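Asker: got a structure for you, letters missing:
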């Protein structure tokens, strides 16, 4: 299992559109992915789950990936979180 | 003479979602009741119940994709993306797996299992502290409602019957409702639920029609054909207003429309006082996508392009090419104006993951620690690719570069030396760049402001970052409630540093700008003019207001005001003079 923490840099937080992009990104992988904020943990492939994280601008999200392509999941999310700030 | 039947005017308060005033007849969108019963499914029928549910989900998906295609054609990508979120909710394990599980395990009907799953998700979202996320419960509810309609075999409701100009009243409006709407007939929206980020708000803003949301039960109190006033400025809706009220609102609407026409006319005008003093009015941005707003609001270029975002949240440094793509795009899109790129201004604590030695996650005092130009000079490899990319971008547009957090001459010289090395490299590689690219610095550390006459000799321009300058000079953390009252932009010490900076700049024949928050304070605009700043840079949306303020001022009045203030810059006197000036 790999664990890594990212900061949400989208000014409006992880709202519907970025959350949707995140789910679409994760759906491509076979690994089981959980997202955790403080004590709240959800399925990374569930958009409703992600929305209940209410990850606002600046919040820290921990990703826990487990499965055959867990490294690819973390790399993919690295890309995702690096790109989010450039969204207008 | 027959008296017309008089209805009592009723006033509803909600959330203003889109500005403007609409006066018209109500078109009420019928809503359907979502209450569903629970019943037991016989064991032999469970399989059929599950496939009935799956069929409903698949029918809903087809309907949504159809809607998405239409929205894409009519309203463009941004709106169509809203449907993407709906589709993901539809495919969410909470619905696709949990509902089926509930039907199988408890042998309940699909409608009931669905309403339980939706209610669970809604409950969690309701407890969110952020308004945006609380709002999303309506998306979940809407998707649930759509599946339910398919389960029950109802026709989806829509706005097909809207054939004359009307104010639309509904419990809520979703993309699939509004897609059927003939937009020229929609004069305004008034809905029971929703917030500033709801579909209703987004749509109303892009159609530029007034909308008030969050009116609770208005859809139950309005009958089709009732007269309505929707005031999108104050979030008020009046049902059956008196003729006087209608007259008043008509007048106000005229005034507002005239104001808006004025602002639009302003876009192509310069920021110039009545007696001809010009100010360059530019905009601050964080990302290339924001340049559209820069030009749309009539800013003369970008006065501060912050580049921090390029560095954050990534396991490795951005490459020169990545930098270049962003800078070239901004430089080209703001032509014929210039962009001032500020080199990276992050704290070392944010870059620990990049593996630089000596960076610590917990500096005891990050604001006085390794950040801005200090960090860049300590780790030139962090910086070199950025400088090369900025230079290369100067070949495709008008680019200026500016260094943050400079505290004295040595740092500025060291940064310029590094830039010189990059120029030399590019020459050797035959890569084009603008040999005359202006090189400036942020004046935001008090020590820089105190030796600004030396700096002005060696810089092409200077731009004051008031946020940091104020907090460092007054030793006040604005976020700390206990001392926030001491954060005074017009403190005599700040005024003195501002005046000194402008004088030093002009004495050396250089221009001086201001890109901190102080530039967006309309009360202070006359003082900044009076201090003779050459450029102000504010967020794009504020440009028209500042421009209007400048165009309504006499430079000579601003100069006298500033002289008066500098004679006795005590807080009470400054406040008194500013008040007196506004009233004149």
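Answerer: Here it is on my side, so go on. Bear in mind that the values here come from a model prediction, so they are computed numbers and not experimental data. Numbering: from 1, shown residues only, chains lettered A, B, ... in the order given.
Asker: helix, strand, or coil at residue B:442?
Answerer: For residue B:442, the assignment made with DSSP: H, G, I helix; E, B strand; the rest coil gives strand.
Asker: for it, give me its contacts.
Answerer: B:342, B:402, B:403, B:404, B:405, B:406, B:462, B:463, B:464, B:465, B:515 (Cβ atoms under 8 Å, 6 or more residues apart in numbering or on different chains). C-beta: built from backbone N, CA, C; applies to glycine.
Asker: smallest gap between chain B and chain A, at which residue?
Answerer: Scanning chain B for proximity to chain A using Cβ to the nearest Cβ identifies residue B:289 as nearest, at 2.4 Å.
Asker: what's the burial count for that residue?
Answerer: Around residue B:289 there are 14 other residues, counting by other Cβ atoms under 10 Å in any protein chain shown.
Asker: coming back round to it: which of the contacts of residue B:442 fall in strands?
Answerer: B:342, B:402, B:403, B:462, B:463, B:464 (DSSP state E).
Asker: turn the residues you listed into CSV, including neighbour count.
Answerer: Formatted as CSV, the entries for those read as follows, by neighbours: other Cβ atoms under 10 Å in any protein chain shown:
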residue, neighbour count
B:342, 25
B:402, 27
B:403, 26
B:462, 27
B:463, 31
B:464, 29
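Asker: pull the most distant pair out of the residues you listed.
Answerer: Of all pairs drawn from those, the one with the longest distance (Cβ to Cβ) is B:403 and B:464, at 13.7 Å.
Asker: all strands for the stretch 201-350 of chain B, in order.
Answerer: According to DSSP state E, counting those that start in this stretch, the stretch 201-350 of chain B carries its strands in the segments B:211-213, B:227-231, B:236-239, B:271-272, B:278-285, B:302-306, B:338-342.
Asker: run me through the strand neighbours of the second one, direction for each.
Answerer: Right, strand B:227-231. The strands that strand B:227-231 pairs with in its sheet are strand B:21-28 (antiparallel), strand B:236-239 (antiparallel) (by DSSP bridges).
Asker: using TSV, lay out those strands together with mean neighbour count.
Answerer: Conversion of these to TSV gives the following (neighbours: other Cβ under 10 Å):
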stretch	mean neighbour count
strand B:21-28	21
strand B:236-239	22
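Asker: quick check: which of the ones you listed is nearest to residue B:541?
Answerer: strand B:21-28 (21.2 Å).
Asker: which residues sit against that closest one?
Answerer: Applying Cβ under 8 Å, 6+ apart, the external contacts of strand B:21-28 come out as B:159, B:161-162, B:164-170, B:187-188, B:209-210, B:219, B:222-233, B:239, B:246, B:249-250, B:252-253, B:256.
Asker: same check on stretch B:577-584?
Answerer: Residues contacting stretch B:577-584 (Cβ under 8 Å, 6+ apart): B:523, B:526, B:527, B:557, B:561, B:564, B:565.
Asker: chain center to it, what's the gap?
Answerer: How far stretch B:577-584 lies from its chain's middle: 31 Å, per Cα atoms, centre = their mean, to the nearest Å.
Asker: buried set for it?
Answerer: Under the neighbour-count criterion of 16 or more other Cβ atoms under 10 Å in any protein chain shown, stretch B:577-584 has B:577, B:578, B:581 buried.
Asker: same question for stretch B:251-259.
Answerer: Applying 16+ other Cβ under 10 Å to stretch B:251-259 flags B:253, B:256 as buried.
Asker: surely residue B:308 touches residue B:344?
Answerer: Yes. Between residue B:308 and residue B:344 there is a contact at 6.0 Å, judged by Cβ atoms under 8 Å.
Asker: quick one: which of the two has more around it?
Answerer: For residue B:308 versus residue B:344, the count of surrounding residues by other Cβ under 10 Å is larger for residue B:344: 25 against 17.
Asker: and the gap between that one and residue B:389?
Answerer: When Cβ to Cβ, to the nearest Å is applied, the distance between residue B:344 and residue B:389 equals 11 Å.
Asker: then residue B:241?
Answerer: The spacing between residue B:241 and residue B:389, counted by Cβ to Cβ, is 59 Å.
Asker: thinking again about what came up before, between the buried residues of stretch B:577-584, which sits nearest residue B:82?
Answerer: In terms of Cβ to Cβ, no member of the buried residues of stretch B:577-584 lies closer to residue B:82 than residue B:578, at 45.0 Å.
Asker: so the closest one is in which element?
Answerer: When secondary structure is defined using DSSP states H and E, the element that contains residue B:578 is helix B:571-583.
Asker: quick one: name the residues of the stretch 51-200 of chain B near chain A.
Answerer: For the stretch 51-200 of chain B, the residues in contact with chain A under the definition Cβ under 8 Å from any Cβ of the partner chain are B:81-82, B:84-85, B:88-89, B:92-95, B:121, B:124-125, B:128-130, B:132-133, B:136, B:139-140, B:197.
Asker: just the buried subset of the residues you listed, please.
Answerer: Neighbour counting with 16+ other Cβ under 10 Å marks B:81-82, B:84-85, B:88-89, B:92, B:94-95, B:121, B:124-125, B:128, B:130, B:132-133, B:136, B:139-140, B:197 as buried within these.
Asker: which residues of chain A score low on pLDDT?
Answerer: Filtered on pLDDT under 70, chain A yields the residue ranges A:85-88.
Asker: in the stretch 301-450 of chain B, which spans are helices?
Answerer: In the stretch 301-450 of chain B, the segments counted as helices under DSSP state H, counting those that start in this stretch are B:320-333, B:372-378, B:380-393, B:409-428, B:446-450.
Asker: typed the wrong thing, it's chain A
Answerer: When assigned using DSSP state H, the helices of chain A occupy the ranges A:16-27, A:47-52, A:70-83.
Asker: tell me the contacts of residue B:373?
Answerer: Counting by Cβ under 8 Å, 6+ apart, residue B:373 touches B:343, B:403, B:404, B:405, B:406, B:411, B:415.
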